[in-house]
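Novice: my questions concern the predicted model and sequence given below.
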Amino acid sequence: MNIAIYPGTFDPITNGHVDIITRSLRMFERVIITIALNPAKTPLFSVEERISMIRQCFSANERVEIDTASGLIVDYAMRKNACAIIRGLRAVSDFDYELQLALMNRKLERRVETVFLMTGFRWIYISSSIIKDAARHGGDISGMVPAHVQAALKAKFGR
């Protein structure tokens, strides 16, 4: 089976993420959305909350799996029999960092390819961090995240 993983913190999932996943499903038989557990980060949402938000986005699609991983993503990809790691790019500033990761992953495991997808133009300016900051200060984030994610952010920030 042609499997890809899409790793990230997804804290929270945005419409940009949803766009990348939806487009990835045109290329791969299965996409495993992988919540990367990074002890250096302090997420707003628990792993369980993030899984729930992602599941609500893709509950009707049996080709989407949701999982968590820590450690080297190429090791995880090999355990899942994935042939590719999906990475979204928003701007040139993303490319330098993502290229370094892709080259390191390629050095560590040549059987796993990195596939870069440009974020849809309408989502190019958003990130989970920017969304959280706007929501924290009462900004209108409608249309940038799924409605259930917007509601979860409002609940977190008491608005």
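Specialist: Structure received.
Novice: I73 and P39, how far apart?
Specialist: Going from I73 to P39 by CB to CB, to the nearest Å gives 15 Å. The C-beta positions use only the backbone N, C-alpha and C, and glycine is treated the same way.
Novice: look at the two and report which has more neighbours.
Specialist: For I73 versus P39, the count of surrounding residues by other CB atoms under 10 Å is larger for I73: 22 against 6.
Novice: contacts only, for the closest residue in space to that one that isn't next to it in sequence.
Specialist: Spatial nearest neighbour of I73, chain neighbours left out: P7 (5.2 Å); criterion: CB to CB, 6 or more residues apart in numbering. By CB atoms under 8 Å, 6 or more residues apart in numbering, the residues touching P7 are T34, I35, A36, A69, I73, Y76, I85.
Novice: let's see that with 6 Å instead.
Specialist: T34, A36, I73 (CB atoms under 6 Å, 6 or more residues apart in numbering).
Novice: strand partners of the helix or strand harbouring I33, parallel vs antiparallel please.
Specialist: Here I33, judged by DSSP states H and E, is contained in strand 30-36. Counting by DSSP bridges, the strands paired with strand 30-36 are strand 3-8 (parallel), strand 64-69 (parallel).
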